[in-house]
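Peer 1: no sequence for this one, just the structure:
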DNA sequence: CTTCAAGGCCAT
DNA sequence: ATGGCCTTGAAG
């Protein structure tokens, strides 16, 4: 067997890909230390070369690891090993309605994933025009799926109908705040899961991505004509914040689906304007969170921290995006 | 029991 | 920072 990253002799699977121990160790360090790499040409040769030590480009090596099938989620999966155990004991500690709610959220996220129009280019960066088009598509889809989903209807029932605006107003109604939050949530989750944290790259849910290394991001900002630089400063800040803070937290917390669902529910219900909040939703949320705290207080702490980061990130993102919407 | 793969350690 | 070597835990 040969290593699918550096073509050296492989010794078996590491984090989901056949690789040598060295590339496995490199990948593990990259993820667990949350390194950030950058490279201007992005197609360096990664072949193993015994004559030089540590010579190859880290950005490209990591990219090769990911594209060869290594999964950041698998780092720290085994030794802590609590994931599966915690999920079962989490379910044991919950009442039936909480379990049903979590299942609904899991189905909800899967429905969204199934409905989503994927851009085929996983490895090609986007430009602003593509970004705007994909945002419109994404928000239309989120709106449609969300309003067909019972738990979403429940938490929004006090305001959803009168506020169903059209595109021009989309950033100004409470529903779009929820959709923005969904979008930011999925973007940060994916960025963590796909190793975008190391690549300084924000993955959007439909697999477009935005590079944040200085040169490439400047190109992104300048690729359309009428670019007075000012409004785009906030785009850079917002995107950087999402990658550097929220995606990182997602990656290190490494939640499984039920805990992700609890986090999402917490974020969504908190995004509903305070005088429109649904009483049952509040009760449900508190119940989910106390159950989580009882079973896994570390994960509970993470949900608290990440939730507040997501709220900040969604605010920054909304501001940045509305300037180009 | 054995095997596989993850994390820790540490000389380089 | 790297990668070889060792220990550890889970799965078969």
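Peer 2: It's in. Please read all numbers here as calculations on a predicted model, not as lab measurements.
Peer 1: helices or strands up against the lengthiest helix in chain A?
Peer 2: With secondary structure taken from DSSP state H, chain A has its longest helix at helix A:297-322. Helix A:297-322 sits against helix A:174-193, helix A:229-241, helix A:248-253, helix A:257-271, helix A:279-295, with contacts defined as 3 or more Cβ pairs under 8 Å, 6 or more residues apart in numbering; DSSP states H and E. C-beta: built from backbone N, CA, C; applies to glycine.
Peer 1: For the stretch 151-300 of chain A, give the residue positioned nearest to DNA strand B.
Peer 2: Closest residue of the stretch 151-300 of chain A to DNA strand B, Cβ to the nearest atom of the strand: residue A:254 (9.4 Å).
Peer 1: just checking, that residue touches residue A:76?
Peer 2: Yes - counting by Cβ atoms under 8 Å, residue A:254 touches residue A:76, with 6.5 Å between them.
Peer 1: neighbour count winner among the two?
Peer 2: Applying other Cβ atoms under 10 Å to residue A:254 and residue A:76 shows that residue A:254 carries more neighbours, namely 20 against 16.
Peer 1: Contact partners for that one?
Peer 2: Each residue near residue A:254 by Cβ atoms under 8 Å, 6 or more residues apart in numbering is listed here: A:73, A:75-77, A:83, A:192.
Peer 1: From residue A:116, how far off is the residue in the stretch 201-325 of chain A that DNA strand C sits nearest to?
Peer 2: Taking Cβ to the nearest atom of the strand, DNA strand C has its nearest neighbour within the stretch 201-325 of chain A at residue A:256, 13.4 Å off. Going from residue A:256 to residue A:116 by Cβ to Cβ, to the nearest Å gives 21 Å.
Peer 1: neighbour count winner among those two?
Peer 2: For residue A:256 and residue A:116, the more surrounded residue by other Cβ under 10 Å is residue A:116, and the numbers stand at 18 against 14.
Peer 1: show me what contacts the nearest residue to that one once chain neighbours are set aside?
Peer 2: Nearest residue to residue A:116, sequence neighbours excluded (Cβ to Cβ, 6 or more residues apart in numbering): residue A:206, at 5.5 Å. Contacts for residue A:206 (Cβ under 8 Å, 6+ apart) come out as A:116-119, A:134, A:137-138.
Peer 1: Hmm, which of those is lowest in pLDDT?
Peer 2: Least confident entry in the contacts of residue A:206, by pLDDT: residue A:119, with 67.
Peer 1: what does the stretch 1-150 of chain A have sitting close to DNA strand B?
Peer 2: Residues of the stretch 1-150 of chain A lying close to DNA strand B by Cβ under 7 Å from any atom of the strand are A:12-16, A:24-25, A:28, A:32, A:74-79.
Peer 1: Could you tell me which ranges of the stretch 51-200 of chain A sit under the pLDDT cut-off?
Peer 2: A:51-55, A:79-85, A:119-125, A:160-172 (pLDDT under 70).
Peer 1: rerun that using 80 as the cut-off
Peer 2: Scanning the stretch 51-200 of chain A for pLDDT under 80 picks out A:51-56, A:77-88, A:117-129, A:159-173.
Peer 1: quick one: which of the residues of the stretch 1-150 of chain A next to DNA strand B is most hemmed in?
Peer 2: Most surrounded of these: other Cβ under 10 Å gives residue A:14, at 26 neighbours.
Peer 1: Ignoring the adjacent residues along the chain, who's closest to it?
Peer 2: Setting aside the residues directly before and after it, residue A:14 is nearest to residue A:24 in space (Cβ to Cβ, 6+ apart), at 3.1 Å.
Peer 1: Thought residue A:15 was touching the one you found, still the case?
Peer 2: Yes - counting by Cβ under 8 Å, residue A:24 does reach residue A:15; the two are 6.5 Å apart.
Peer 1: how does chain A divide into domains?
Peer 2: Chain A resolves into domains spanning A:12-70, A:79-324 when parsed by automatic domain parsing.
Peer 1: nearest to residue A:2, of these?
Peer 2: When the domains of chain A are compared by Cβ to Cβ, domain A:12-70 sits nearest residue A:2, at 7.9 Å.
Peer 1: Now do the closest one: distance from first to last residue.
Peer 2: By Cα to Cα, to the nearest Å, the extent of domain A:12-70 from end to end equals 12 Å.
Peer 1: Repeat that for stretch A:220-238.
Peer 2: So stretch A:220-238: terminal residues 14 Å apart, Cα to Cα.
Peer 1: same check, this time on stretch A:287-303
Peer 2: This stretch, stretch A:287-303, spans 14 Å end to end (Cα to Cα).
Peer 1: Same question for stretch A:202-213.
Peer 2: Counting by Cα to Cα, you get 11 Å between the two ends of stretch A:202-213.
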